[in-house]
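Engineer: sequence and predicted structure below; questions after.
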Amino acid sequence: MSDSDDLWLRLSTSLKTQASDAVWSAGLNKLRLVDFTGDDLVLGVPNQIQLQRVQQRYLPFITENARAVIGRDIHVSLTIAQPGESALAESDDAPVPSAAYAPSVDRPTRLDPRMTFDSFVPGPSNRLAFAAAQSVAETPGRAYNPLLIYGSSGLGKTHLLHAIGNYVHENYPDRRVLYVSTETFLNDFIRAIQTRTQLALHERYRENDVVLIDDIQFMEARGETFHEEIFHTYNALHGEGKQIVLTSDRSPRDLAGIQERFRSRLLQGLVTEIDRPDLETRIAILHAKSEAEGVLLPSEVAEWVAHRVRDNIRELEGSVTMLRAFANLRQEPITLELAKAHLTNLGHEQTALRPETIIEAVSDYFGLSPNEVRGSKRLRPLVHARHIAMYLIREMLDNYSYPMIAKIFDGRNHTTVISAVEKIKEQLPRDSELLAQINQLAKRLQGDLPVDVSAR
């Protein structure tokens with residue numbers, strides 16, 4: 001027996017003796033000795049999932065045992081030992097290494113340490129969501145499960161997700177937290193299908209104690225197979241008492257493209273909205289951001305910015321960063337004059353439009369609800385608003401086909417959408433009131449130039 005074989009026999013025996021049966025079976029029995037040179041001990045695991053599990057949970061325990069067995073201070077690191085690689089020894093019950101699955105979530109959890117409850121500014125528009133997020137973080141799986149927070153982009157939904165994750169990490173270090181966007185979930189799902197590692201994907205997601213999923217509205221345009229996957233993942237997590245928190249730009253009731261059974265699961269928990277912050281909250285956000293960045297922001301500047309930016313916290317915070325940069329470049333303090341000179345486009349930032357945004361704007365303009373505009377009632381005011389919404393989606397969003405628009409409006413036939421759009425186009429040149437309505441809505445949505453009917 002070589003020195004390396006003897007070392008591994010003694011270390012694996014020590015680990016098996018001191019670890020519980022559950023810990024041994026959960027990952028330590030899959031370890032193998034890859035290399036031992038000088039003060040560096042390299043141990044192999046069969047795949048990426050096991051690597052992350054052992055790294056996060058058991059590496060200090062392994063290191064302590066290795067130092068005791070070897071009799072000096074050494075450094076222990078992990079690597080993936082693929083089939084065919086030289087392994088100096090391995091446990092009798094260690095399985096043959098499987099194909100490694102490395103989804104994007106195998107990188108660090110991606111929680112932003114700056115996004116905490118302390119750095120979040122509560123106000124009338126978000127107080128319920130803030131309190132619910134705190135309760136969930138303090139008692140994961142017990143307070144509200146699931147918790148869904150919805151609201152327009154840039155109002156703090158993602159901040160609360162990160163705050164929950166950071167709080168759990170700090171106060172419950174033994175609990176595993178996963179933050180992931182719906183788009184990342186989809187990419188992982190596609191990669192798992194391509195590499196035939198769906199079971200590994202299931203384990204990677206479902207082994208977490210707190211799962212934070214951002215922007216579930218992007219599920220709507222996905223296929224039925226993906227809906228099935230996320231539904232069963234949700235059921236597995238919820239059935240084991242794992243905490244689930246999700247965000248969306250709309251209430252589950254208004255997410256037309258998700259399965260009804262998944263919608264009903266979401267509505268069983270707490271659904272809470274984040275609204276646009278009022279003036280006082282916007283000013284408080286500006287002062288909190290300036291303090292965090294060490295920027296001296298005069299009150300009159302904060303008030304001027306807050307009056308111009310009404311519905312996007314990211315733009316509010318970004319204005320502080322821009323003011324600091326301009327002040328540093330000019331070597332002068334931040335003043336109202338400097339802000340007015342350099343923040344000329346503040347509050348008018350172009351944002352990517354979505355069908356839901358257009359429907360909400362049309363609903364608000366005509367004094368209706370989004371559900372009425374999307375619905376099937378044939379009252380004249382509803383039909384008129386519905387046709388305008390279909391027309392604007394078709395004209396302002398290049399990547400939405402007639403069938404895609406039909407699906408948004410309670411699954412109508414695409415020929416209905418074609419008829420509505422063509423009717424609006426036909427009426428525009430001779431209906432000045434309709435033209436004014438379209439132009440006002442376009443200006444609200446994007447600040448576009450007036451519709452040029454001569455070009456149609």
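Structural biologist: Looks like it came in fine. The structure presented is a predicted model; accordingly, all values stated were derived computationally and were not measured. Residues are numbered from 1 along each chain as shown.
Engineer: next SSE downstream of the lowest-mean-pLDDT helix or strand in the chain?
Structural biologist: For the chain, using mean pLDDT, DSSP states H and E, the weakest element among its helices and strands is strand 89-90, scoring a mean of 36. Using DSSP states H and E, the helix or strand that follows strand 89-90 in sequence is helix 127-138.
Engineer: name the helix or strand for the residue lying closest to residue 297 once chain neighbours are set aside, please.
Structural biologist: Excluding the flanking residues, the one nearest residue 297 by CB to CB, 6 or more residues apart in numbering is residue 290, at 3.8 Å. Where you see a C-beta, it was placed from the backbone N, CA and C, and this is true even at glycine. Per DSSP H and E: residue 290 is located in helix 279-292.
Engineer: quick one: mean pLDDT for that helix?
Structural biologist: Average pLDDT, helix 279-292: 89.
Engineer: how far off helix 127-138 does it point, in degrees?
Structural biologist: Angle of helix 279-292 versus helix 127-138, following axes from the mean of the first three to the mean of the last three CA atoms, to 10 degrees, is 50 degrees.
Engineer: does the most centrally placed residue in the chain have beta-bridge partners, and which?
Structural biologist: Among the residues of the chain, the one closest to the centroid is residue 214, at 2.5 Å (CA atoms, centre = their mean). Beta-bridge partners of residue 214, counted by DSSP bridges, are residue 181.
Engineer: could you tell me how many residues sit around the residue nearest to residue 297?
Structural biologist: By other CB atoms under 10 Å, the residues close to residue 290 number 22.
Engineer: I'd like the distance between it and residue 311.
Structural biologist: Residue 290 sits 20 Å away from residue 311, going by CB to CB, to the nearest Å.
Engineer: try residue 230
Structural biologist: 29 Å.
Engineer: so for the two, which residue has more residues nearby?
Structural biologist: Shown here are residue 230 and residue 311; by other CB under 10 Å, residue 230 has more neighbours (21 against 18).
Engineer: is it fair to say the more buried one lies in a helix?
Structural biologist: Yes. Assigned with DSSP: H, G, I helix; E, B strand; the rest coil, residue 230 falls within a helix.
Engineer: wait, it sits on residue 201?
Structural biologist: No. Contact criterion CB atoms under 8 Å: residue 230 and residue 201 do not qualify, at 11.6 Å.
Engineer: tally of neighbours for the nearest residue to residue 201 once chain neighbours are set aside?
Structural biologist: Sequence neighbours aside, residue 192 is the residue nearest to residue 201 in space, at 3.9 Å (criterion: CB to CB, 6+ apart). For residue 192, the number of neighbouring residues by other CB under 10 Å comes to 19.
Engineer: again with residue 147
Structural biologist: Using other CB under 10 Å: residue 147 sits among 25 other residues.
Engineer: quick check: beta-bridge partners of it?
Structural biologist: Beta-bridge partners recorded for residue 147 (DSSP bridges): residue 245, residue 270.
Engineer: show me the contacts for it.
Structural biologist: 132, 133, 136, 244, 245, 246, 269, 270, 272 (CB atoms under 8 Å, 6 or more residues apart in numbering).
Engineer: go with 6 Å
Structural biologist: Shown in contact with residue 147 (CB atoms under 6 Å, 6 or more residues apart in numbering): 132, 136, 245, 269, 270.
Engineer: in a markdown table: the residues you listed, plus neighbour count, pLDDT and distance to residue 405.
Structural biologist: Output for the contacts of residue 147, formatted as a markdown table (neighbours: other CB atoms under 10 Å; pLDDT from 0 to 100; distance: CB to CB, whole Å):
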| residue | neighbour count | pLDDT | distance to residue 405 |
| --- | --- | --- | --- |
| 132 | 22 | 94 | 34 |
| 136 | 27 | 93 | 37 |
| 245 | 28 | 94 | 31 |
| 269 | 20 | 87 | 31 |
| 270 | 19 | 92 | 32 |
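Engineer: among those residues, which one lies nearest to residue 155?
Structural biologist: Among the contacts of residue 147, residue 132 lies closest to residue 155 (CB to CB), at 14.9 Å.
Engineer: the stretch 201-350 of the chain: strands as residue ranges?
Structural biologist: Using DSSP state E, counting those that start in this stretch, the strands of the stretch 201-350 of the chain run over residues 210-214, 243-248, 270-273.
Engineer: in the second one, what's buried?
Structural biologist: Put plainly, it is strand 243-248. 243, 244, 245, 246, 247, 248 (16 or more other CB atoms under 10 Å).
Engineer: now for it, which elements pack on it?
Structural biologist: strand 147-150, strand 210-214 (3 or more CB pairs under 6 Å, 6 or more residues apart in numbering; DSSP states H and E).
Engineer: could you rerun that using 8 Å?
Structural biologist: Applying 3 or more CB pairs under 8 Å, 6 or more residues apart in numbering; DSSP states H and E, we find strand 243-248 packed against helix 127-138, strand 147-150, helix 157-171, strand 210-214, helix 224-239.
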